[in-house]
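*Asks:* only geometry, no sequence info:
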């Protein structure tokens, strides 16, 4: 039984490239939310650190998340992150209230 | 006009203290979701790094978020994080699709 795949990510580029990345992030958000397996896709700007963004994602399954990584819109974002020498901290996470072995 | 206050945080303790923190995080989640201004409060476990947790929060206003920080359940969590010498990366964020000056 496959269950949701949740992701939290922190994306950081230099402040002077924040607008370039933001444009691509908005594009990717619009396209990702149209994917069948997308249950949540929220990209946010850090209010205190220019060039830092957070991603909060939820996918219907690990397969849905892996398919997302192969989409043109994600590939375009990944390419830009690479060109901008971004720092990407990507975490696969499990909400505590959905963990069977939780406390 | 005050609008929502969104927070993404990364909490990290040593792996051997993860269970202690998890218990307090669950307590804080249950109590926080009862707060009038709480619109979203999801704490998750990092699936690959033991002792690392993420928080995704949304509050009706900055005032609601600041009141949360004064609650007994948050104070208890903050005290434990202190005692466990946790690393806390807390970001006030703005979802791109809610920013008026966005791209």
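*Replies:* Yep, it's here. Since this is a predicted model, take the numbers as computed values, not measurements.
*Asks:* where does the lengthiest helix in chain A sit relative to the chain's centre, distance-wise?
*Replies:* Selection of the longest helix in chain A by residue count, based on DSSP state H, yields helix A:18-32. Here helix A:18-32 shows a centroid-to-chain-centroid distance of 11 Å under the convention C-alpha atoms, centre = their mean, to the nearest Å.
*Asks:* How about the very next helix or strand once past that helix and chain B, any contact?
*Replies:* With elements assigned by DSSP states H and E, the helix or strand that comes after helix A:18-32 is strand A:38-46. Yes: using C-beta under 8 Å from any C-beta of the partner chain, strand A:38-46 comes into contact with chain B via A:42-46. For the C-beta atoms, the positions are set from N, CA and C on the backbone; glycine is no exception.
*Asks:* could you dump these to CSV with pLDDT?
*Replies:* Formatted as CSV, the residues of strand A:38-46 next to chain B follow (pLDDT from 0 to 100):
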residue, pLDDT
A:42, 97
A:43, 98
A:44, 98
A:45, 97
A:46, 98
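*Asks:* Tell me the one among those residues nearest to chain B.
*Replies:* Using C-beta to the nearest C-beta, residue A:44 is the member of these that lies nearest chain B, at 3.6 Å.
*Asks:* Excluding residues flanking it in the chain, which one is nearest the residue nearest the centre of chain A?
*Replies:* Centroid-nearest residue in chain A, with C-alpha atoms, centre = their mean: residue A:55, separated by 4.3 Å. Excluding the flanking residues, the one nearest residue A:55 by C-beta to C-beta, 6 or more residues apart in numbering or on different chains is residue A:9, at 4.1 Å.
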